[in-house]
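Enquirer: What would the 3D arrangement of this be:
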Amino acid sequence: MTARVLLVEDEVNMARTLAKNLERAGYRVECAPHGEAALARLAEAPFDIVLTDLKMPVMDGMALLRAMHARHFASAVVVLTGYGTIESAVEAMKLGAADYLIKDAPPQQILLTLERVLEMEALRRENARLRQEIGRFRRVGELIGQSPAMQAVVRLIDAVSQNRSTVLLTGESGTGKELVARTIHRRGPLATAPFVAINCAGLSETLLDSQLFGHRRGAFTGAVSDHDGVFRAADGGTLLLDEVAEIPPTLQAKFLRAIQEREVTPLGSSRAVPVNVRLIAASNRDLEAEVRAGRFRADLFYRLNVVRIELPPLRERREDIPALVDHFVSRFSAEYQVAPKRIAPDALARLCEHDWPGNIRELENAIERAFAVSRAEMITLDDLPPGIAAPGEPPSGPVLPLAEVERRAIAAALRQSGGNKNEAARLLGIDRQRLYRKIEKYRLA
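Expert: Take a look at the predicted model:
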């Protein structure tokens, strides 16, 4: 495809000569006599490159650059300058210009510069596309993480969501088992059908029996009307049984029969009712150990353990913490209706060092606490819970080096700002020049 160039130059002879050379090289060229006319044309049609003089009447090149940045025009900019104004060209590059040229540069040098800038822009667009693809991979619903452990979880979710296989989710409390279950449901063929979740812990055997399978009026004291139970409520959809290890042994046989026969018998009834659910079970306990201890039926375990997804604890995927922090900061900024906060580097480092016994749920609570206790624009160590801000024991898992923490903080700020470097610098509390150096250092461009 032929690249389109908008040449912004007030000297008619210079504009005519440049345009002719560019057209001979195959570019489509349009001319504008000053920045204001260029802005009007950019609002009407896209251009691959804006080649602009710096000194012009009405609106000069620097003002054009600022206006293009404010209006989010995507064209790459190359500035034309005389020998005496190279400092201005360097300043223009700080404002986002891709390169600069001396006005009487040889035609071949001009063409090489434009070709190089176009290649850089093509790479930038490809990188943006790849980042978007990676973003889709690292975020399934609100599941966030690009660590190998989370990538493995995402691959399993992608596989099982397309069928109705029984899934067993295991992992510590707070690792996101219910979120995984909901994601499997939403991404599969049952997405429009019911999703019903029940926590099997803390209920008496009779009440759990009633909640699972339903009851008939008068089946027990307080049963004043019929109740369907969660199996029937989820009929045609997905049923999540959280903390499945807490089902009493005396009720496990009835539960196994419901899975095998695809029917339930409500309390107080002798007639079975057919049900059709996709079953997802979750537990923070070692079910194999429960089987060995005689607290959980082996045949029930094998019925549940068709596809097993083990969710890693947060301390084993510390590289995901900056992205999770970025996500929670964005979410709570919206919920608390405040400008997006930024997080101090030492506070982020401390979050990455913490062992997180409560996993993602504990991290989420820590970030929400920071919003609740402080109105400042930056989250500092003082805003974190005392046990995190001043840890007693050293972390047990691998700790990210400070450079990696900094790299991820900058990457998170760039994501949060949509690639706007001025906004990213503001979020990080550093100046734009320092941000550019860091972007180059960590190859984040």
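
Enquirer: got a pLDDT number for residue 84?
Expert: The score at residue 84 is 56. That number is its pLDDT.

Enquirer: Low-confidence stretches in the stretch 1-150 of the chain?
Expert: Counting by pLDDT under 70, the stretch 1-150 of the chain contains low-confidence residues at 1, 83-86, 89, 126-142.

Enquirer: mind redoing it with 90?
Expert: Under the criterion of pLDDT under 90, the regions of the stretch 1-150 of the chain flagged as low confidence span 1-3, 10-14, 24-26, 43-46, 53-58, 60-62, 65-76, 79-113, 115-148.

Enquirer: need the strands for it, in chain order.
Expert: Assigned strands in the stretch 1-150 of the chain, in chain order: 4-8, 28-32, 49-53, 76-81, 99-102, 139-140, 143-144 (criterion: DSSP state E, counting those that start in this stretch).

Enquirer: so what does the third one touch, helix or strand wise?
Expert: Secondary structure elements in contact with strand 49-53, counted by 3 or more CB pairs under 8 Å, 6 or more residues apart in numbering; DSSP states H and E, are strand 4-8, helix 35-44, helix 61-70, strand 76-81, helix 107-138. C-beta coordinates here come from the backbone N, C-alpha and C atoms, glycine included.

Enquirer: How far off centre is the first one?
Expert: In terms of CA atoms, centre = their mean, to the nearest Å, the centre of strand 4-8 is set 37 Å apart from its chain centre.

Enquirer: So what touches that strand?
Expert: Around strand 4-8, the neighbours that count as contacts under CB atoms under 8 Å, 6 or more residues apart in numbering are 15, 18-19, 22, 27-35, 37-38, 41-42, 45-53, 56, 61, 64, 75, 114.

Enquirer: Are any of those residues buried, and if so which?
Expert: In the contacts of strand 4-8, burial by neighbour count holds for 15, 18-19, 22, 27, 29, 31-35, 37-38, 42, 47-53, 56, 61, 64, 75, 114, counting by 16 or more other CB atoms under 10 Å.

Enquirer: and the chain, what are its domains?
Expert: When the chain is parsed with automatic domain parsing, its domains come out as 4-134, 141-312, 315-442.

Enquirer: How far does the shortest one stretch from one end to the other?
Expert: To tie it back to what came earlier, the one meant is domain 315-442. End-to-end span of domain 315-442 (CA to CA, to the nearest Å): 24 Å.

Enquirer: Just the mean pLDDT for that domain, thanks.
Expert: For domain 315-442, the mean per-residue pLDDT is 82.

Enquirer: between the helices and strands packed on strand 49-53, which one is nearest to residue 170?
Expert: Proximity to residue 170 (CB to CB) singles out helix 107-138 among the helices and strands packed on strand 49-53, at 21.9 Å.

Enquirer: which residues of the stretch 301-445 of the chain fall in helices?
Expert: 321-335, 345-353, 359-373, 386-389, 402-416, 421-428, 432-442 (DSSP state H, counting those that start in this stretch).

Enquirer: So which of those helices is nearest residue 258?
Expert: Nearest to residue 258, of the helices of the stretch 301-445 of the chain and by CB to CB, is helix 359-373 at 30.1 Å.

Enquirer: residues in contact with the closest one?
Expert: Looking at helix 359-373 with CB under 8 Å, 6+ apart, the contacting residues turn out to be 172-176, 313-314, 321, 324-325, 328-329, 332-333, 335-336, 338, 341, 351, 356, 358, 379, 383-385, 388.

Enquirer: Which positions in stretch 186-196 come out as buried?
Expert: Residues of stretch 186-196 classed as buried: 187-188, 190, 193, 195-196 (neighbour count, 16+ other CB under 10 Å).

Enquirer: wait, I meant stretch 248-259
Expert: Along stretch 248-259, the positions that meet the burial threshold by neighbour count (16+ other CB under 10 Å) are 251-252, 255-256, 258-259.

Enquirer: ok, so of those residues, who is nearest residue 299?
Expert: Compare each of the buried residues of stretch 248-259 with residue 299 using CB to CB and the shortest gap goes to residue 256, at 6.2 Å.

Enquirer: Was I right to think the closest one contacts residue 298?
Expert: No: here residue 256 lies out of contact with residue 298, judged by CB atoms under 8 Å, at a distance of 10.5 Å.

Enquirer: if you skip the residues just before and after it, what's nearest to residue 6?
Expert: Closest residue to residue 6 in three dimensions, ignoring its sequence neighbours and counting by CB to CB, 6 or more residues apart in numbering: residue 47, at 4.4 Å.

Enquirer: re earlier: now, which of the buried residues of stretch 186-196 sits nearest residue 266?
Expert: Looking across the buried residues of stretch 186-196 and measuring by CB to CB, the closest to residue 266 is residue 196, at 16.0 Å.

Enquirer: Let's verify the closest one: helix, strand, or coil?
Expert: Following DSSP: H, G, I helix; E, B strand; the rest coil, the label given to residue 196 is strand.

Enquirer: how much space between it and residue 232?
Expert: Between residue 196 and residue 232 the distance is 9 Å, computed by CB to CB, to the nearest Å.

Enquirer: cool, residue 214 as well?
Expert: 6 Å.
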